[in-house]
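Chemist: sequence below, structure please.
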Amino acid sequence: MKPSVIITLLVLALAMQCIAKKKEQLINQVARELLGQWITKGVEFMGYPCELQVQPRFSFWTLYYQSSFFCTGWTAIKGEATARCRLGSAEEAVRDFIKKVIKGDTIRQIDVSKWFEEHKNVTGTP
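Modeler: Have a look, this model is predicted:
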């Protein structure tokens, strides 16, 4: 195999890892922004009102929190998560929702990135 082919394959593999890392960073940033909205006021994402529900549940005498995040006026997709920590469960449900709407072609990653940049500039969050 030619060295140029090996180098090209290596560059492609590294580029894909970089793209995946940037996508995950974007999802985390947007999830934190939406959680901040939830804590202080109603949640709005991409111009649609959304809802984050967190319910305590017991399983084998252990407290868990079951969370769901959805935007009923926009899509039927629902982000869901269960965790021992209330905030951790809520954050994971929001992440799950964002991943599903990007994967399901409901919205493009670039649109989510633009929304975050516009919203970040309006609210002044870093």
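Chemist: buried stuff in the longest strand along the chain?
Modeler: Assignment by DSSP state E gives strand 48-59 as the longest strand of the chain. Along strand 48-59, these residues count as buried under the neighbour rule (16 or more other Cβ atoms under 10 Å): Cys50, Leu52, Val54. Using the backbone N, CA and C atoms, a C-beta is placed for each residue, glycine as well.
Chemist: can you check stretch 95-110 too?
Modeler: So, applying 16+ other Cβ under 10 Å, buried residues of stretch 95-110: Arg95, Asp96, Phe97, Ile98, Lys99, Lys100, Val101, Ile102, Ile107, Gln109.
Chemist: is Thr82 in a bridge, and if so with what?
Modeler: Note on Thr82: beta-bridge partners Gln66, judged by DSSP bridges.
Chemist: for Gln66, see how far away it is.
Modeler: Distance from Thr82 to Gln66, counting by Cβ to Cβ, to the nearest Å: 5 Å.
Chemist: again, but for Glu80
Modeler: From Glu80 to Gln66 the distance is 8 Å (Cβ to Cβ).
Chemist: next: Glu33.
Modeler: 23 Å.
Chemist: between those two, which one's more packed in?
Modeler: Using other Cβ atoms under 10 Å, the more surrounded residue of Glu33 and Gln66 is Glu33, with 19 against 16.
Chemist: which of the helices or strands spans the more buried one?
Modeler: Taking DSSP states H and E as the definition, one finds Glu33 inside helix 3-40.
Chemist: right, and the helix or strand after that helix?
Modeler: Helices and strands here follow DSSP H and E; after helix 3-40, the next one along the chain is strand 43-45.
Chemist: what's in contact with that next one?
Modeler: Leu34, Gln37, Pro49, Cys50, Glu51, Leu52, Cys71, Trp115 (Cβ atoms under 8 Å, 6 or more residues apart in numbering).
Chemist: now do 7 Å
Modeler: Applying Cβ atoms under 7 Å, 6 or more residues apart in numbering, the external contacts of strand 43-45 come out as Leu34, Gln37, Cys50, Glu51, Leu52, Cys71.
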